[in-house]
Structures are given as C-alpha cells and as structure tokens.
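Peer 1: I'd like to go over a predicted model; first the sequence, then the structure.
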Amino acid sequence: MKHGERKAYLLLEDGTAFEGKGFGAAAISVGEVVFTTGMTGYQETLTDPSYYRQIVTFTYPLIGNYGLAPGVEQSWQVRAFGVVVREAAPTPSHRRSVETLDEYLRRHGVPGIEGIDTRSLVRHIRREGTMKGALVSTGPGEGLPDKAALWAHLEQPIPRDHVAQVTARAPYRMPGQGKRVVLVDYGLKHGMLESLRYRNCDIYVVPAWTPASDILALRPQGVVLSNGPGDPQDIPEAAETVRELLGRVPLFGICLGHQVFALACGGRTEKMSFGHRGCNHPVKDLTTGRVMITSQNHGYVVSREGLPEDLEVTHVNQNDGTVEGLRHRHLPAFSVQFHPEARPGPDDAAELFDRFLEEIDNAEAGVEEGRVYA
Ligand SMILES: NC(=O)CC[C@H](N)C(=O)O
C-alpha cells in the first residue's frame, strides 16, 4: 500500500466535518476532540492516560518526524482514542526510532487522520470549545462509511468511568532507599514514577479507590496524588479519601490530583472551554515571582470562586489567570495543575518534587518538636 491511499473522516457533534487521509488502525473512534500545542513529545502525549477518551489534534504541522522509540511512553498503551495531524511523517529519522507513527498507531489499534486543515479545526475548537467527535479511518482501498451511520455514533454519550479504566488493578512497589511515598494512581504517567525514583523514593503505587486506612497502613512519609483522565467531580470517593488523609500525612497533588485535593478541601472545579494542552504554558509562582514554562494537559480547572479560606493560590497561569497551584494554609499539602514531571516538556518545575521531600522533612521535624499537625 502506498502512504495516503486511505480515506478518513473527522465529524464533530456540531455538524462540522473534515475529510482527510487515514493512517494508524482502520477503526472508528468516539471521544472529546482536543488540541495540544506541543511541538515535540507526541509519543509521551499519546500514551498519557489523561488523554483517555480524547481525540488529540496536534497544532504542530509535522508529527512523527523523529519516530517512536521504546522507553519514551508514559503508560503501556496509546491512551488517546484518535490522532489528528496535518502530516504524519512517513520516513522518521532518529537513532532510537523503531517505527513510524502510522505503524505505532496500527499496533495499538488507534485510528488517525491526516491532511486536514488542523488550523481551521483548532480555531473552531477555540471558538466553540472542545466537543465530541467521531474519527473513522478506513483500511487501504476501502470506501468511507455512510456519514449518517457515523453521526449515529456521536449520539451516544461518552461514558464517565475514565479513572476506573486506567488505574492500576493492584498495588505495586518500586523499592528505593529514600522516603517512603505512596502514589495514588488515577492514571499516572511513568514520568511521575521516574521523578520519584530519581530522588531515591521507596514508591508504593496504589489503585485509585484504595481507602485512606489502607494507604496509612503502609506508613507513608508522603502521599502523591497523580494525574488522570476525566472530570474530577466524577470521582467523589477520591476527594473523600484525600479528606481523610489531610493532616495525617504530607500531600502533593498533580493535575487531576490537584483538582481532587481542591475538592477535598471544599473547593470547586469547572470545565474549561478548550483547556490547556502543550509544553509551553507560562505559569507564575507567586511565592518566588518566577515564571516557569510548564507542560500541561487539562480540561478542568479549580475555580477561584468559592475557594476555601484554608487554601492559598500559589501559582497562576500567565495567559488566562487561572489557578495553577494551591497550598493548604495550615497543613502540609500542596498541589499544581501543571506537570512537574514534564514528559513531554521542559523541566522548569521539576524542583517541586524536591519541595515535596522538604515538606516531608519539615512536617516530621514539626511533629518531633511537638507541633502536631494531625
Ligand atoms: N492531566 C490530568 O491529570 C488532567 C486532569 C483532568 N482530567 C482534566 O482534564 O482537567
């Protein structure tokens, strides 16, 4: 088969349709159509579990040019449900690359569409907000299915059990000589494990629904709440668990973990119009005045309105002023909406992991001095 002989459609729930060329798996996929502005890091993006049930549009026009390599992925599967690019590079070049984007997506059963005007799609999403879409990519020589049948696919609601689909089925440990940290897995990225391992942590990963008593029974010195897909309000049990952990062990929330932390403290979250996705989002740390370029991938955000007294805003997005970081005023707990583990993206915020380990030291010293925070 010659590259480009396959047909594909991307249909949006508001009736907008794009026709292009298919690549990846010959399949039909339904998900929320989102866009990311990352110029590189496509393999990390596609395997990030936070993209579960999303069809990812890349604004950068050439994707796949340095190929796909083992060890780069952020989970064991492609978690995005579909891929939209201007051009999928057919001849990648990198010494570690073992396959093309087309081959990679075929192997993972995920469809792609290329050759559409991704600028016009992204402008549409920016204007109207993210929306449901159906992506159909045909096999070589196959005709496109009937559009009416495809619209029918769009009538079904997207299920909301995202975290249940991607969380670890059972606990596991990555032993280390350093601090004992429990990582609650709402759909964690490997980069998070790497960031903790790099700091010698003794890591216990637990499934999302693990009760607070079981987490505390592991005698953690700190608990990290991971990133994950979907709406934080769909997992009220998670906020309930975090409420029970608050004040009993230092907490660090990242992305979905940050949103769950805010809900646990009595805050609110809301859906953004088109979210923040990419590797180039400027965030100001209000405690130091420093601006970092951060990696982001979220469609929900902690609301400024109704923020509980106990929470202080520590980070703000420089583009739209939204809340990017929180700290509890009295207890050892803080969180960020962006990704300090990067993967993909710059390492500007990596030191937040060190800050968390310091927080543990301070909390433990406080307890020794009789300042009990529990
Ligand atoms: N990366 C994440 O953890 C994303 C959090 C949440 N699913 C959101 O879209 O806002």
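Peer 2: That came through, no problem.
Peer 1: which SS class is the residue lying closest to residue 48 once chain neighbours are set aside?
Peer 2: Spatial nearest neighbour of residue 48, excluding adjacent residues (C-beta to C-beta, 6 or more residues apart in numbering): residue 74 at 4.8 Å. (Glycine included, C-beta is placed from N, CA and C.) Put simply, residue 74 is coil when judged by DSSP: H, G, I helix; E, B strand; the rest coil.
Peer 1: Quick one: residues contacting residue 74.
Peer 2: If you count contacts by C-beta atoms under 8 Å, 6 or more residues apart in numbering, residue 74 has them with 44, 47, 48, 49, 189, 190, 191, 343.
Peer 1: What does the pLDDT read for the fourth one?
Peer 2: On pLDDT, residue 49 comes in at 98.
Peer 1: now it: how far from residue 136?
Peer 2: Distance of residue 49 to residue 136, given as C-beta to C-beta, to the nearest Å: 24 Å.
Peer 1: Which helix or strand contains residue 168?
Peer 2: Per DSSP states H and E: residue 168 is located in neither a helix nor a strand.
Peer 1: can you check residue 321 too?
Peer 2: Going by DSSP H and E, residue 321 is not in any helix or strand.
Peer 1: Please apply the same query to residue 151.
Peer 2: Going by DSSP H and E, residue 151 is part of helix 147-155.
Peer 1: That helix: which residues count as buried?
Peer 2: 150, 153, 154 (16 or more other C-beta atoms under 10 Å).
Peer 1: likewise stretch 335-348?
Peer 2: Neighbour counts over stretch 335-348 (16+ other C-beta under 10 Å) mark 335, 336, 337, 338, 339, 340, 341, 342, 343, 344, 345, 348 as buried.
Peer 1: Please determine whether that stretch lies in contact with the ligand.
Peer 2: No - against the ligand, stretch 335-348 shows no contacts by C-beta under 6 Å from any ligand atom, the least distance being 7.0 Å.
Peer 1: okay, how far is it across that stretch, tip to tip?
Peer 2: Start and end residues of stretch 335-348 are separated by 16 Å (C-alpha to C-alpha, to the nearest Å).
Peer 1: Can you give the distance of that stretch from its chain's centre?
Peer 2: Centre-to-centre, stretch 335-348 and its host chain are 10 Å apart (C-alpha atoms, centre = their mean, to the nearest Å).
Peer 1: returning to what we had before: list just the nearest of the buried residues of stretch 335-348 to residue 354.
Peer 2: Residue 354 lies nearest to residue 340 out of those, by C-beta to C-beta, at 9.7 Å.
Peer 1: For the stretch 201-350 of the chain, which segments count as strands?
Peer 2: 202-207, 222-225, 251-254, 269-285, 291-302, 311-317, 323-328, 333-336 (DSSP state E, counting those that start in this stretch).
Peer 1: Can I get those strands in TSV including mean pLDDT and distance to residue 91?
Peer 2: Shown next, in TSV, are the strands of the stretch 201-350 of the chain (pLDDT from 0 to 100; distance: least, C-beta to C-beta, whole Å):
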stretch	mean pLDDT	distance to residue 91
strand 202-207	98	38
strand 222-225	98	40
strand 251-254	98	36
strand 269-285	97	24
strand 291-302	98	28
strand 311-317	98	38
strand 323-328	98	39
strand 333-336	98	39
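Peer 1: Can you add distance to residue 241 and give these back as CSV?
Peer 2: Output for the strands of the stretch 201-350 of the chain, formatted as CSV (distance: least, C-beta to C-beta, whole Å):
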stretch, distance to residue 241
strand 202-207, 10
strand 222-225, 9
strand 251-254, 11
strand 269-285, 17
strand 291-302, 18
strand 311-317, 18
strand 323-328, 16
strand 333-336, 13
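Peer 1: Nearest to residue 61, out of those?
Peer 2: strand 269-285 (14.5 Å).
Peer 1: Point out the other helices and strands that that closest one packs with.
Peer 2: Where contact means 3 or more C-beta pairs under 8 Å, 6 or more residues apart in numbering; DSSP states H and E, strand 269-285 is packed against strand 27-36, helix 118-128, helix 256-264, strand 291-302, strand 311-317, strand 323-328.
Peer 1: Help me confirm that residue 98 comes into contact with residue 71.
Peer 2: No - Residue 98 lies out of contact with residue 71 (C-beta atoms under 8 Å); the separation is 10.5 Å.
Peer 1: Compare neighbour counts for these two and give me the winner.
Peer 2: residue 98 (12 against 7; other C-beta atoms under 10 Å).
Peer 1: Please tell me how far the more buried one sits from the ligand.
Peer 2: 27 Å (C-beta to the nearest ligand atom, to the nearest Å).
Peer 1: can you pull the contacts of that residue?
Peer 2: Per C-beta under 8 Å, 6+ apart, neighbours of residue 98: 67, 68, 69, 70.
Peer 1: Setting the sequence-adjacent residues aside, check what's closest to residue 215.
Peer 2: In space, residue 215 is closest to residue 182, 5.3 Å off (C-beta to C-beta, 6+ apart).
Peer 1: burial count for that neighbour?
Peer 2: 26.
Peer 1: May I have the beta-bridge partners of it?
Peer 2: Beta-bridge partners recorded for residue 182 (DSSP bridges): residue 204, residue 223.
Peer 1: my read: it touches residue 223, true?
Peer 2: Yes - at 4.8 Å, residue 182 counts as touching residue 223 under the criterion of C-beta under 8 Å.
Peer 1: Run through the residues of the stretch 101-250 of the chain sitting next to the ligand.
Peer 2: Residues of the stretch 101-250 of the chain lying near the ligand (C-beta under 6 Å from any ligand atom): 227, 228, 229, 230.
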